[in-house]
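# Structure, please.
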Amino acid sequence: MDDQKEWPEPIVRVQSLSESGAAVIPSRYVKPPSERPCLEPPSSSDDGEGLGIPVIDLGRMAGGGVDCPAKIREISDACRDWGFFQVVNHGVSPDLMRRMREVWREFFHLPMEEKQRYANSPQTYEGYGSRLGIQKGAILDWGDYFFLHLLPPSLKDPNKWPKLPSSCRETVEEYGRELSNLCRAVLGALSTSLDLDAGYLQRAFGGDDVGVCMRVNYYPRCPQPDLTLGLSSHSDPGGLTVLLADDHVKGLQVRRAGAWVTLQPLPDAFIVNVGDQVQVLSNAAYKSVEHRVAVNAAAERMSVAFFYNPKSDLPIGPSPELLSPERPPRYQPMTFDQYRLYIRQKGPRGKSQVDSLLKSSPPCHYSTTVNSDGS
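Now for the predicted structure:
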């Protein structure tokens with residue numbers, strides 16, 4: 001990444017700004033009027049089930065079974081119609097979900113000097129961070145985060161795994177194993193729905209050599225939530241994302257039919273969405289969807305985003321089995337190592353990244369000096 005070892009400006013922790021008691025946010029966080037959030041969800045979308053987002057009971061599919069046509073059709077329809085869905089009865093214990101929330105909430109409430117031990121850099125983004133993108137003078141998001149690598153093992157840096165709370169490392173390892181199983185099951189369903197064999201997309205991701213990472217997002221209270229965002233509009237650059245969200249504080253907004261819909265997480269559920277790599281592999285049969293995060297004046301919010309990504313140096317392009325003279329390839333192939341540099345350099349910018357891979361678009365060129373991390 002142009003050998004950038006430091007951020008272009010001094011890092012200010014958003015949590016510190018929130019706790020200062022200031023009534024006005026710094027201008028660096030004020031979004032242009034066209035990008036400011038809609039804080040009230042459209043009432044017409046509220047059907048009592050996550051504000052319209054499909055809710056899928058995975059049942060035995062969470063254990064690896066992908067031969068249930070009704071469930072596969074539900075997942076396929078949700079991905080084609082929304083790009084997002086919630087899963088219940090997913091095989092991950094509510095106790096583990098509760099422990100993940102507890103250890104990370106405790107981490108973000110540790111003294112600042114303890115958290116600063118894990119401060120991250122633009123080289124890998126691993127650790128405690130407060131911005132995406134390295135452009136000097138960029139408008140920033142109202143949120144802090146902690147980013148960790150889980151797979152491949154060669155990328156795990158033990159110095160970046162928090163020692164406090166004492167149960168954090170063990171909890172994250174257990175969570176990573178359970179959610180990897182869930183992602184494999186969802187990939188199997190998506191493969192089958194495309195009339196491919198159940199293991200196709202997993203192999204396209206690199207088989208057992210996938211990249212797995214997670215980002216714990218912490219959105220402190222904001223005195224002017226109508227002027228900023230916790231996370232700007234973007235589609236996820238990776239393969240699959242599984243989100244563990246606060247079920248008592250809303251914030252995630254999904255773009256649908258030109259409007260922003262605020263999602264309501266259900267208790268003990270995960271929110272799942274497809275990323276750009278699945279859009280490319282499926283030749284746009286499935287499309288990643290723009291989403292963003294609104295913040296709150298009354299309450300903090302935390303979420304855990306789990307990313308299941310292709311092997312970082314594997315070229316990803318439209319699957320040959322899905323192509324025909326009537327359906328030619330829509331995207332130029334690119335490794336995930338190259339692809340993720342866009343958001344790393346520019347920050348979240350809608351769907352401009354995946355659109356740049358369209359065959360009718362000029363090829364994009366990014367600096368490729370960056371550590372491989374599967375994020």
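
# Touching, Gln334 and Asp313? I think so.
One thing to correct before we go on: residue 334 is Met, not Gln. No - between Met334 and Asp313 there is no contact under C-beta atoms under 8 Å: 11.1 Å. To be clear about C-beta, it is placed using only N, CA and C from the backbone, and glycine gets the same treatment.

# okay, those two: which has more neighbours?
Met334 (20 against 13; other C-beta atoms under 10 Å).

# What's the per-residue pLDDT of that one here?
Met334 is assigned 87 on the pLDDT scale.

# do Tyr286 as well
94.

# and it, how many residues sit next to it?
21.

# could you list every residue that touches it?
By C-beta atoms under 8 Å, 6 or more residues apart in numbering, the contact set of Tyr286 is Cys79, Arg80, Gly83, Leu190, Val274, Val278, Gln279.

# Out of those, which end up buried?
Cys79, Gly83, Leu190, Val274, Val278, Gln279 (16 or more other C-beta atoms under 10 Å).

# Stretch 154-169: which residues count as buried?
Leu155, Lys160, Trp161, Pro162, Pro165, Cys168.

# Okay, and the closest residue to the third one other than its chain neighbours sits in which element?
So that's Trp161. Counting by C-beta to C-beta, 6 or more residues apart in numbering, Arg169 is the residue found nearest to Trp161 once chain neighbours are left out, at 5.2 Å. Taking DSSP states H and E as the definition, Arg169 sits inside helix 168-193.

# counting contacts, what elements does the helix or strand following that helix pack onto?
Per DSSP H and E, the first helix or strand lying C-terminal to helix 168-193 is helix 200-204. If you count contacts as 3 or more C-beta pairs under 8 Å, 6 or more residues apart in numbering; DSSP states H and E, helix 200-204 packs onto helix 168-193, helix 276-281.

# just for this structure, where's the confidence low?
1-4, 39-52, 60-67, 342-375 (pLDDT under 70).

# Specify the residue positioned farthest from the middle of it.
Pro325 (34.0 Å; C-alpha atoms, centre = their mean).

# Can you show me the helices along the stretch 1-150 of the chain?
Counting by DSSP state H, counting those that start in this stretch, the stretch 1-150 of the chain has helices at residues 14-19, 69-81, 94-108, 112-116.

# May I have the residues that are in contact with Gly137?
Pro8, Glu9.

# So Val92 is in contact with Leu179, correct?
Yes - proximity of Val92 to Leu179 meets the contact threshold set by C-beta under 8 Å, at 6.8 Å.

# okay, those two: which has more neighbours?
Using other C-beta under 10 Å, the more surrounded residue of Val92 and Leu179 is Leu179, with 26 against 22.

# Okay, the more buried one and Tyr145: tell me how far apart.
18 Å (C-beta to C-beta, to the nearest Å).

# Could you find the closest non-adjacent residue to Tyr200?
Nearest residue to Tyr200, sequence neighbours excluded (C-beta to C-beta, 6+ apart): Ser191, at 4.2 Å.

# number of nearby residues for that neighbour?
Neighbours of Ser191 (other C-beta under 10 Å): 23.

# One more: Cys68?
By the criterion of other C-beta under 10 Å, Cys68 has 16 neighbours.

# right, and it touches Gly59 too?
Yes - taking contacts as C-beta under 8 Å, Cys68 lies within contact range of Gly59: 7.3 Å.

# Just the terminal-to-terminal distance for stretch 130-149.
Start-to-end span of stretch 130-149 (C-alpha to C-alpha, to the nearest Å) is 17 Å.

# same question, stretch 229-249
Stretch 229-249 end-to-end distance (C-alpha to C-alpha) = 15 Å.

# what does stretch 192-206 give?
Across stretch 192-206, first to last residue, C-alpha to C-alpha, it's 18 Å.

# what's near enough to touch Glu6?
Per C-beta under 8 Å, 6+ apart, neighbours of Glu6: Ser121, Pro122.

# again, but for Lys250
Contacts of Lys250 by C-beta under 8 Å, 6+ apart are Pro41, Thr262, Leu263, Gln264, Pro265, Ala294.

# and those residues, which of them are in strands?
Thr262 (DSSP state E).

# Tell me which two of the contacts of Lys250 sit farthest apart.
For the contacts of Lys250, the maximum inter-member distance is 13.8 Å, found between Pro265 and Ala294 (C-beta to C-beta).

# rewinding a little: could the helices and strands packed on helix 200-204 be laid out in a markdown table, adding distance to Glu106?
Listed next are the helices and strands packed on helix 200-204 as a markdown table, based on distance: least, C-beta to C-beta, whole Å:
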| stretch | distance to Glu106 |
| --- | --- |
| helix 168-193 | 8 |
| helix 276-281 | 33 |
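
# which of those is buried the deepest?
Of all the helices and strands packed on helix 200-204, helix 276-281 has the most neighbours on average by mean count of other C-beta atoms under 10 Å, namely a mean of 27.

# can you list contacts of it?
With C-beta under 8 Å, 6+ apart as the criterion, helix 276-281 contacts 190, 201, 204-205, 235-240, 286-288, 309-310, 316-319, 331, 336, 339, 353-354, 357.

# What of stretch 192-208?
66-67, 72-73, 75-76, 184, 187-188, 190-191, 210, 239, 277-278, 281-282, 285, 308-311, 314, 316, 319, 321-322.

# circling back: any idea how far Ser76 is from the residue nearest to Tyr200?
Counting by C-beta to C-beta, the gap from Ser191 to Ser76 is 11 Å.

# For these two, list the residues in contact with both.
By C-beta under 8 Å, 6+ apart, no residue touches both Ser191 and Ser76.
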